[in-house]
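[1] Dropping a prediction and its sequence here:
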Amino acid sequence: RGRPLVDMAVLQGRYAPPVSGLSAANNGSGEEDAFVNENYPVWSHTGNERWSWGYRQCEKGLHLLETLSPGIFLTPLNQQPEKTRKFFSGSPFGEYDFLPVEAPGDVMGNYRLILMLDWHTMEEDGEEDDYHKLLEYVRQGGVLFLSVPHLTTRTDREFLADMDNLRLYAGGDVQALCGVSVRGKSSAALSEIRSVEGWLEAAPGPVSDAIRLPNTDKDEDGPCRLADIQLQGAEPVLIDKDTGRPVLVRHTVGKGWVYLLCTYAYPGHEALKEWMPRVLLRLLDLYGSKRLTLEGERRDVYWSLWGENGQADKVYLLNTDWTRVGNEKQIALVTPSARMEVPVREGAMREISLFEGGFCWAEDSAVSITRISSGEIETDYQVCAMEDTVLRFSASRPVMVTAGEESRVIKGEAEWKLDFPKAEPVFLRIRPVK
């Protein structure tokens, strides 16, 4: 019942090529299966065979998904093959969607954070174009991350060889969205980054789960030039050590924020790979979902939060580490009002219901606990089982639990064995005790 509650999306840019749906050389585990064709065309056999039409720094921005989904298989991008997960991976930071840029504005508005990581052509088409749609998304409270090259209006890829003549949207006058005017590419190459007022140092660990490899060598993307920008409302959060030029700026627009990477390079450029995952982690820390987070051994745990009308009701947890039969990951579920430690065993989906101040679940996966109504104070559930079963509760503060004609006050960890005569459902009510 309900639908997934997903707060983050990776924007699929206009004319962005497919990734993870192509068969390429880098899907083995030995030297003989190493990445052998760095010019694999972005549209496969229908693409152009020139160098600029290979999987370059624009597509390599998707390597940042290795932080969101450790071990994610991104063929034909080059990765350490023995560390990829060919079918499933965990989602330590929760689920995220791939959102086509053509999505209507009201659909975009469902997400708190949108990331632009790979190719995008910012076509100019008046107030109905992508720029204005993204502007309205941020005004309504969204958070957007993008880089200067995402503002290009070009549909060809020839500029990737030297990153010149990007033909930026509105000639680079993007003050309304980004709080800057981009005057072109500077002669200064990125040296090292410096965080302003500890912005990046506040990013949670680990630094990176990246398993990316360059196509051929670490210098294949050329120098990473800084953009020549004029601040028009934006403020730097990262600057270049040698020149003091802004590297990453943030700009408040209405109720939301825009983060602009001020380089003539996409987020996937080889020169950025050491610290871009930390930027992503910092954005997740600031703007990721607060309805539920996981702590502990979460790397291999895939989880999905479900509910209705934006209200979280249930979380599904799956241990995707199939290297050891029956292994368990010790995690903690954290909501704004409760925290509970729970093991997630390989080979079994765990389903846990959420209520204000706590959690409820059954060890038997055949038991169904469904919220049927939620008032200002109490929440009602229908529990279905084929035989007598034990419900488990974890409450951070006292709650009154009523099952049928019986009521109990529960705080902390508790169990309750319920009878199911004739396998008929039992109705459960949970309300806080004042």
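    Structure received. Numbering: from 1, shown residues only.
[2] hang on, residue 119 in a helix?
    No. Assignment of residue 119 by DSSP: H, G, I helix; E, B strand; the rest coil gives coil, placing it outside any helix.
[3] For it, give me the pLDDT.
    On pLDDT, residue 119 comes in at 96.
[4] Next up, the contacts around it.
    For residue 119, the contacting residues are 13, 15, 16, 17, 58, 59, 157, by C-beta atoms under 8 Å, 6 or more residues apart in numbering. Where you see a C-beta, it was placed from the backbone N, CA and C, and this is true even at glycine.
[5] Where is pLDDT lowest across these?
    In terms of pLDDT, the lowest of the contacts of residue 119 is residue 17, showing 86.
[6] sec struct for it, please.
    coil.
[7] Counting neighbours, what do you get for it?
    Per other C-beta atoms under 10 Å, the neighbour tally for residue 17 reads 21.
[8] Strands of the stretch 1-150 of the chain, start to end?
    Along the stretch 1-150 of the chain, counting by DSSP state E, counting those that start in this stretch, strands occupy 3-4, 8-12, 97-100, 113-116, 143-147.
[9] Serialize those strands to CSV and add fields for mean neighbour count, distance to residue 211 and mean pLDDT.
    CSV is the format used below for those (neighbours: other C-beta atoms under 10 Å; distance: least, C-beta to C-beta, whole Å; pLDDT from 0 to 100):
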stretch, mean neighbour count, distance to residue 211, mean pLDDT
strand 3-4, 10, 27, 92
strand 8-12, 22, 18, 97
strand 97-100, 15, 20, 96
strand 113-116, 24, 19, 98
strand 143-147, 25, 22, 98
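[10] Residue 345 is nearest to which of those?
    Closest approach to residue 345 among those (C-beta to C-beta): strand 3-4, 22.6 Å.
[11] who wins for proximity to residue 264 among the strands of the stretch 1-150 of the chain?
    strand 143-147 (8.9 Å).
[12] Report all helices and strands that that closest one contacts.
    Strand 143-147 sits against strand 113-116, helix 130-139, strand 256-261, helix 276-287, with contacts defined as 3 or more C-beta pairs under 8 Å, 6 or more residues apart in numbering; DSSP states H and E.
[13] quick one: strands adjacent to that strand?
    Partners of strand 143-147 in the sheet, by DSSP bridges, are strand 113-116 (parallel), strand 256-261 (parallel).
[14] Buried ones in stretch 148-158, by neighbour count?
    148, 149, 150, 151, 152, 153, 154, 157 (16 or more other C-beta atoms under 10 Å).
[15] quick one: low-confidence ranges for the stretch 151-300 of the chain?
    Across the stretch 151-300 of the chain, the ranges flagged by pLDDT under 70 are 204-209.
[16] what packs against the longest strand belonging to the chain?
    In the chain, assigned by DSSP state E, the strand with the most residues is strand 389-403. Under the contact criterion of 3+ C-beta pairs under 8 Å, 6+ apart, strand 389-403 touches strand 338-345, strand 358-362, strand 406-418, strand 426-432.
[17] Not counting the second one itself, show me its contacts.
    With contact meaning C-beta under 8 Å, 6+ apart, strand 358-362 is reached by 333, 337-338, 340, 350-353, 369, 381, 383, 385, 389-397, 399, 428, 430.
[18] what about burial for those, which qualify?
    Buried among the contacts of strand 358-362 (16+ other C-beta under 10 Å): 333, 338, 340, 350-353, 369, 381, 383, 385, 389, 391-396, 399, 428, 430.
[19] How about residue 307: what's its closest non-neighbour residue?
    residue 313 (4.0 Å; C-beta to C-beta, 6 or more residues apart in numbering).
[20] ok, that neighbour - contacts?
    Residue 313 makes contacts with 1, 2, 306, 307, 353, 354, 371, as judged by C-beta under 8 Å, 6+ apart.
[21] let's go with 10 Å and repeat that
    Shown in contact with residue 313 (C-beta atoms under 10 Å, 6 or more residues apart in numbering): 1-2, 5, 305-307, 353-355, 369-371, 374, 379, 381.
[22] Which of those residues sits closest to residue 97?
    Nearest member of the contacts of residue 313 to residue 97, counting by C-beta to C-beta, is residue 5, at 11.1 Å.
[23] May I have the phi/psi pair for the closest one?
    Note on residue 5: its backbone torsions stand at phi -100, psi 100 [degrees, to the nearest 10].
[24] For the nearest residue to it once chain neighbours are set aside, list each beta-bridge partner.
    Distance criterion C-beta to C-beta, 6+ apart; nearest residue to residue 5, sequence neighbours excluded, is residue 305 at 4.8 Å. Assessed by DSSP bridges, residue 305 has beta-bridge partners residue 315.
[25] if we can go back for a sec, can I get the helices and strands packed on strand 389-403 in a markdown table including mean pLDDT and distance to residue 279?
    Below are those laid out as a markdown table (pLDDT from 0 to 100; distance: least, C-beta to C-beta, whole Å):
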| stretch | mean pLDDT | distance to residue 279 |
| --- | --- | --- |
| strand 338-345 | 94 | 28 |
| strand 358-362 | 94 | 33 |
| strand 406-418 | 92 | 39 |
| strand 426-432 | 92 | 40 |
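[26] Any chance of those in CSV with distance to residue 276 as columns?
    Shown next, in CSV, are those (distance: least, C-beta to C-beta, whole Å):
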stretch, distance to residue 276
strand 338-345, 29
strand 358-362, 35
strand 406-418, 41
strand 426-432, 43
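[27] Return the most buried member of those strands.
    Mean neighbour count, computed with mean count of other C-beta atoms under 10 Å, is highest for strand 358-362 among the helices and strands packed on strand 389-403, reaching a mean of 23.
[28] Walking through the protein, point out its helices one by one.
    Using DSSP state H, the helices assigned to the chain run over residues 57-60, 65-68, 105-108, 130-139, 175-178, 276-287.
[29] residue contacts, residue 105?
    132, 133, 134, 136, 137, 140, 142.
[30] swap in residue 2?
    Counting by C-beta under 10 Å, 6+ apart, residue 2 has contacts 305, 306, 307, 308, 309, 311, 312, 313, 314, 370, 371.
[31] Out of those residues, flag the one nearest to residue 250.
    For those, the nearest to residue 250 is residue 305 (27.1 Å; C-beta to C-beta).
[32] wait, residue 418 sits on residue 390?
    Yes. Counting by C-beta atoms under 10 Å, residue 390 is a contact partner of residue 418 at 7.5 Å.
[33] overlap in contacts of these two?
    In terms of C-beta under 10 Å, 6+ apart, residue 418 and residue 390 are both contacted by the residues 362, 367.
[34] Make sure residue 99 is actually in contact with residue 110.
    Yes. Judged on C-beta under 10 Å, residue 99 makes contact with residue 110 at a distance of 9.1 Å.
[35] Please enumerate the shared neighbours of the two.
    Taking C-beta under 10 Å, 6+ apart as the contact rule, residue 99 and residue 110 both touch 6, 9.
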